[in-house]
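Visitor: this is a predicted model, with the sequence first.
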Amino acid sequence: MTSDRTTTTAEISAIELEEIVTELQKYRDRLVHDTTEAIHKARLPKAKALAQMEPELVKIDAMLQEVRDRHAALLASN
């Protein structure tokens, strides 16, 4: 959005929420893919590297769930 005012949750449309979910999911997938490739190329222990990445994935998954819940609530209210 290119507005000068702060956007509130009520002003976010279902389409915008779908876009946010899509972009967050792409970011998560890219993070996992790129990290897995780097682990493979560097011949590092996969389990240890993925364990270090886990806190970031938990944050992303929580954000995804929050946005999905908002999207569902918005659709249900329409």
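Guide: The structure has been received and is ready for your questions.
Visitor: give me the pLDDT for His40.
Guide: According to the per-residue confidence, His40 scores 89 in pLDDT.
Visitor: next one: Thr8
Guide: Note on Thr8: pLDDT of 58.
Visitor: cool, Met1 as well?
Guide: 42.
Visitor: check contacts around the one residue sitting closest to the centre of the chain.
Guide: Compute the mean C-alpha point of the chain, and by CA atoms, centre = their mean the closest residue is Leu24, 2.8 Å away. The contact partners of Leu24, taken as CB atoms under 8 Å, 6 or more residues apart in numbering, are 60, 63-64, 67. In this view, the C-beta of every residue, glycine as well, is placed from N, C-alpha and C.
Visitor: phi, psi for it please.
Guide: Per-residue torsions, Leu24: phi -60, psi -40 (degrees, to the nearest 10).
Visitor: quick check: pLDDT value at it.
Guide: What the model reports for Leu24 is a pLDDT of 96.
Visitor: how far away is it from Arg43?
Guide: Leu24 is 30 Å from Arg43, where distance means CB to CB, to the nearest Å.
Visitor: again, but for Thr22
Guide: Using CB to CB, we find Thr22 at a distance of 33 Å from Arg43.
Visitor: quick one, which of the two is more surrounded?
Guide: Of the pair Thr22 and Arg43, Thr22 is the one with more neighbours under other CB atoms under 10 Å, namely 11 against 7.
Visitor: so which strand or helix has the more buried one?
Guide: The secondary structure element spanning Thr22 is helix 14-42 (assigned by DSSP states H and E).
Visitor: now the very next helix or strand once past that helix: buried residues?
Guide: Elements were assigned by DSSP H and E; along the chain past helix 14-42, the next helix or strand is helix 46-77. Burial within helix 46-77, assessed by neighbour count using 16 or more other CB atoms under 10 Å, is assigned to 60, 64, 67-68, 70-71, 74.
Visitor: stretch 22-33 now?
Guide: So for stretch 22-33, counting by 16+ other CB under 10 Å, buried means 24, 28.
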